[in-house]
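Dropping the sequence and predicted coords here.
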Amino acid sequence: MSVIPRELEEILGKRAFAHVATLGPRGEPQSSPVWIDWDGTYLKFSQTTTRQKFRNLQRDPRIALSAHDPDDPYRYVEIRGRVVGAEPDPENAFINKMAKKYTGEDVYQWGQPGDERVVVLVEPEHVPG
């Protein structure tokens, strides 16, 4: 059973950007927006393995994120949890799925040669409020 209340799970299925917060190497917070997917168990987002966010999560899997409802910016969900895995996405299947959800395009257009993408799996542990 998910710790995310059903009425807030709906936000995760919309084109809501999530702001992901991680802890940097000196304990400083680092936050950035990502496209998200929710499968009922894990919150997922795509990341390249060279980004600071990914390195932060390898060192410390604790994560917090928030996403506001694109139809009502005063409604949001905050999730605190842990990264429990990072699955390789060598064919870009997941990032292409997210591109379709967020841009309507079939293929993610901002990839760079040599990018190594993973799908980060977040297990929600607590939803404040």
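Everything's here; your move.

List the buried residues of the host helix or strand of N56.
Counting by DSSP states H and E, the element that carries N56 is helix 52-59. Judged by neighbour count using 16 or more other C-beta atoms under 10 Å, the buried positions of helix 52-59 are K53, F54, N56, L57. Yep, even glycine has a C-beta here, placed from its N, CA and C like the rest.

now the residues you listed in a markdown table, with distance to V120 and pLDDT?
Shown next, in a markdown table, are these (distance: C-beta to C-beta, whole Å; pLDDT from 0 to 100):
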| residue | distance to V120 | pLDDT |
| --- | --- | --- |
| K53 | 9 | 94 |
| F54 | 8 | 96 |
| N56 | 11 | 96 |
| L57 | 7 | 97 |
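
ok, of these, which one's closest to R117?
Comparing these against R117 with C-beta to C-beta places F54 closest, at 10.0 Å.

so who does that closest one touch?
Q47, T48, A86, V118, V120 (C-beta atoms under 8 Å, 6 or more residues apart in numbering).

tell me the centre residue of the protein?
Geometric centre of the chain, nearest residue: F45, 3.5 Å, by C-alpha atoms, centre = their mean.

The residue nearest to it when sequence neighbours are not counted: how many residues sit nearby?
Of all residues not flanking F45 in the chain, V34 sits nearest, at 4.2 Å (C-beta to C-beta, 6 or more residues apart in numbering). Neighbours of V34 under the rule other C-beta atoms under 10 Å: 18.
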